[in-house]
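Q: got a sequence here, can you model it:
(2 chains)
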Amino acid sequence: MASFTPYTYIQCPCYDSTVRGWTADDASPTISHELSEDDDDHAFDPRAPRSTFSLYPLEYLLYCDVCHQIRCPRCVSEELVTIYCPNCLFEVGSSSLKTEGNRCFQCPICIGPLAVQAFESPPESALLSSDNASTPIPSGPWVLTCSYCHWNSSEIGIKFDKPQGIFAQLQKLRYGEDQSKHIVSGDTSPAKPDSIPDTNKARFAALKSFYGSQTQKNKPTIMREADSINEGFRLINLDESSAISQLRRDGWDGTVTSAQTKTQVEEGARFADQLWPIPYLLRTKRSKRCPVCRHIISKPEPKVSNTRWRIRLAANNNAIPSISIKPLNPPPGSGSGLLKPRRPAQFLLTFKNPLFDDVKVTLATPATTPGRFASRVTVLCPEFHIDANPDNDMYLDDVLKDGERERQRQRGDEGIHQAEAGKIWERGRNWVSIVVEVVPASLRIEPSPSLPSKGDPELDLGPLREDEDILEIPMFVRLEWESEPSHDQVGATTSKDKDAREKRELAYWCAIGIGRISQD
Amino acid sequence: MSSNTGPASLPHRTVSSIRAGAHSTAAPGPPQTPARPITSTLGSPSTSSRVDDDPIVIELGSRKLRIGFAGDAAPKRVVTFSPDQQRRTGDFRAWEPDFASQWRCRASGKPWGADHELWRLDIRGQDLAVVGDKLERELRDAFFNCLTRYLLIDAKPRKATLVLPPTLPIPLLSSTLDTIFHHFHAPTISLLSSPVMTAFAAGTRSGLIVDLGWHETTVTAVYEYREVQSRRTVRAGKLLVEETYEFLLRAVRGQPATVRAEKIEDRLQDEALSFEECEEVATRMLWCKRAPRQPYRRTADEGLPTVHEHEEEVEEVPPAEDHSPMTITLNSCCSHVFGLKRRIFDEVSILAEERGWDTVRGKGAEQYKTNPKFQRDNAGQAGNGGMPIIVQSNTTSSDGEATEAPVKAADVPQEVDGVEDHIKRERNYKPPVQGLLRAIDSLGPWCGGSLATQMKVPALATIDREIWGQQGVNGATRPSEVDIKSGQRQSMGPSGLIRGQAAQPSNWTLGVWGTLF
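A: Next comes the predicted model:
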């Protein structure tokens, strides 16, 4: 079992507003209302399948400072800023996207980057010649080669006339001439009977023009069925014996893995010689807006090479205290690092306030964790204040003070200091540590009557599922603070006194992964 | 499938007549497809409400999701649902070195391969909100990460077209619609039927669509762009993968064919194989042997025993209408099994040869047919055109040339009308192929949906975002009620854009997907 790192996931409040629609057992959709009301009473279950989609690490969350709400990747609206190739970092203009296509390609076998090389010269000398300007420039057909697995495009019979404009050449080789210009005029004129290559794209274009010609005549006619190749009609080639014999000849290695098929642009490749170079999936830089107030809450620098942000209202800097977890009394030698079932263990949660205001934090957890293995959880101090984040010039002072306190603690109080209910463990300038006591459940799967079954008649005796051995605490966090009234909400604050401090609150569920429970 | 099994002899609207709009006159035509005039109050969809940007076409399957723009030849992205996409954000354990070897602990406690599916057709006990969440994540990914390859997607919501299998349960459909309306703010969602779109993408108007899917293989008879009948069987991709598992496990254990139907827990034993491995084998290595009896050719090959599963697949093929080009479209992982198309086609050919296209079988039917007393009535009916003409169909070679079987005197074609022929020739009319069993390749339902959306073919149903928000799935009325009100029969559906203009926003349907009550 891999080592376990404690983690915190935060559920975006947008989860509750999503329409539930139909629920599991009942066929009646009317139940959805009751359920959503019920939701407030029910504790959040981080193991429910839906939770996977609404839990985010703190770093992924943004915060809209106008609406005072957490915004997760699901509840922001995004706009493209820059489109670029992840391989060469070339910025692609939105207008040239369609016309020019991709510049870089990936190896269809191993997804390594492909390079254009002259076909005649062996790869080694080609590498040398590219370093040496003095050597004669290689000419002749060009191929795309992968420097990792030594695949090159001549294996599927692709050679290029010139080393530039690979995308256009590849398109031409694959789809023939541009089919959109080719119009099948009417029906009787089989102008170019063999002109349509046997590709899906060409067939689609032919079919499209066929339907167009059928429907766009000025006099009403009866639409007929397509019946020639020029009209996109094709009978299935039922004789696949050649493919079967190829399957027998090439065997397992000659066929395409499912991972390779997924990266292909077109579906349907079966053998390795049907794999085409993959144009790199372009990446984008996107700015994000709050969907409610339309304010920009995240905006990257438009230049590709610049990884900084112009605006970024990250939740961990603007609202949500970060939570770090460590065991209160780390076992000596650290052993397996697993939690012993039915043995109480204490953990230290440290909340760090990013705000410039004092924050009142209220925590709530269910007494036992949800799921089949109910561990007991006790938060010893569920309500506390965290002081404001100090200004920068006071920072040094703060560090010194903290260091002083640390030393004091190490010097004398160690034996005396004990976790007490209702008291915080430790307090810093803008952080507070509290103690959480857990009694991990036993992971034995047996129908024992001692288990606190919550009216659940049928016990699930299935085997241990993935991550079910992790002790994960759902915790409801409520923050209250007073801050300057925001300048943006002019209309909202006019009634109040300008000097009055505005009361804010924020509440959300989070899931705290404390540790793994050992299975014995 | 209650909605659209009207008698086939009634006139249908054709795509051409829909598009021709108000200026179309009652044109004389062949009896099958008379063009119908549309009154101007209903409007012509071709000219009104034309949107500049292309709608998004989404084909939904239980394993795969195809998404792209209308008018494109291929979807921009094909999503295969897999457990990797169902991890929490920021869970990077998939990159740990020993991740792949721990599949047993990940797969435990769930139905075999359940993580690879978007939904199960058995929706009892399924949390449909999870379906919505899964879909939402994939669509978001597709919208923002993949479609930007060629086209700029802005925040502007786009119309969406859903291509759906004909037998999708309403709760799943409802969940899907919820997701798209809620998260992607599509102003309208049009629903298209996957078999009809398959026929559309094959260039035909009628046919027998054999769709080898994941949960089910559906065989749908499509006549004039309408689903006439749909039969289903579980002999589909999932069963094939499970068969592959049994086969491989026996090979690993060195057992001969033993008791099968193991429990899920047994599938996680040490020597057992993972779902992924089995699927890999199933997609890469399987091929299908030929039918034991060939219609005209006779060869025998040895295949893997697993493909026996497909033998009976075609025995439930419903009889199509009076002409039946067969289109086989293949969708899922098992669809690309080499030789399978031929096998299916051969089996259908044999069935058609043996039984003809008459559903009625048995002693009574035989007596009825041989009894001379009934013969006259029968012939008279056929002559009136009330009953479909039964044409024995057979193939001579794989390229689809056919010899017409000898027909009854009553079925002898009418004398040639020179004038009508001339008119027809002027209009480039070609008689539809009838009584010929052909296997037609289709570009697939996604391409059909893309074509149809671009050509502004009215969908089976179009759902407005606001109405959905107000009424939800309960608001859907029976398609028949709407049909009566608008006084039309449909081939592609009367609702669509027409309903948008009619002052009856309360009447909207889910098309062939039915209603709640």
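
Q: residue contacts, whatever residue of the stretch 201-350 of chain B ends up closest to chain A?
A: For the stretch 201-350 of chain B and chain A, the shortest gap (C-beta to the nearest C-beta) falls at B:G203, measuring 2.8 Å. The C-beta positions use only the backbone N, C-alpha and C, and glycine is treated the same way. Residues in contact with B:G203 (C-beta atoms under 8 Å, 6 or more residues apart in numbering or on different chains) are A:207, A:210, A:225-227, A:231-233, B:440.

Q: hey, where'd the helices end up in the stretch 301-450 of chain A?
A: With DSSP state H, counting those that start in this stretch, the ranges of helices along the stretch 301-450 of chain A come out as A:315-318, A:395-408.

Q: weakest of those helices by average pLDDT?
A: Per-stretch mean pLDDT for the helices of the stretch 301-450 of chain A is lowest at helix A:395-408 (a mean of 62).

Q: can you pull out the helices in chain A?
A: With DSSP state H applied, chain A shows helices at A:14-17, A:31-41, A:96-100, A:123-131, A:166-175, A:200-215, A:241-254, A:258-263, A:315-318, A:395-408, A:490-493, listed in chain order.

Q: worst mean pLDDT among those helices?
A: Among the helices of chain A, helix A:31-41 scores lowest, with a mean of 43.

Q: before we move on, back to that, out of the contacts of B:G203, give me the two with the largest separation.
A: A:F210 and B:I440 (14.1 Å; C-beta to C-beta).

Q: quick check: nearest residue in space to the residue of the stretch 201-350 of chain B closest to chain A, chain neighbours excluded?
A: Once flanking residues are discounted, B:G203 sits nearest to A:A226: 2.8 Å by C-beta to C-beta, 6 or more residues apart in numbering or on different chains.

Q: tell me where the model's unsure across the stretch 301-450 of chain A.
A: A:330-336, A:391-417, A:445-450 (pLDDT under 70).

Q: what about the closest residue to A:G371 other than its chain neighbours, distance to chain B?
A: What sits nearest to A:G371 in space, not counting adjacent residues and going by C-beta to C-beta, 6+ apart, is A:R47, at 4.9 Å. To chain B, A:R47 is 11 Å away according to C-beta to the nearest C-beta, to the nearest Å.

Q: so what's A:R47 up against?
A: A:370-371, A:467-468, A:472.

Q: among those residues, name the buried ones.
A: Using 16 or more other C-beta atoms under 10 Å in any protein chain shown as the burial test, those include A:370-371, A:467-468, A:472 as buried.

Q: out of those residues, which comes closest to chain B?
A: A:E468 (7.8 Å).

Q: B:A282: what secondary structure?
A: Counting by DSSP: H, G, I helix; E, B strand; the rest coil, the backbone at B:A282 sits in helix.

Q: go ahead and confirm it touches B:L239.
A: No. Counting by C-beta atoms under 8 Å, B:A282 does not reach B:L239; the two are 10.3 Å apart.

Q: in terms of neighbours, single out the busier of the two.
A: B:A282 (23 against 19; other C-beta atoms under 10 Å in any protein chain shown).

Q: with adjacent residues omitted, what lies nearest to that one?
A: Once flanking residues are discounted, B:A282 sits nearest to B:T244: 4.4 Å by C-beta to C-beta, 6+ apart.

Q: tell me the buried residues in the helix or strand harbouring that neighbour?
A: For B:T244, the host element (DSSP states H and E) is helix B:237-253. For helix B:237-253, the buried set under the neighbour-count rule, 16+ other C-beta under 10 Å, comprises B:237-249.

Q: fine, thanks again, bye for now.
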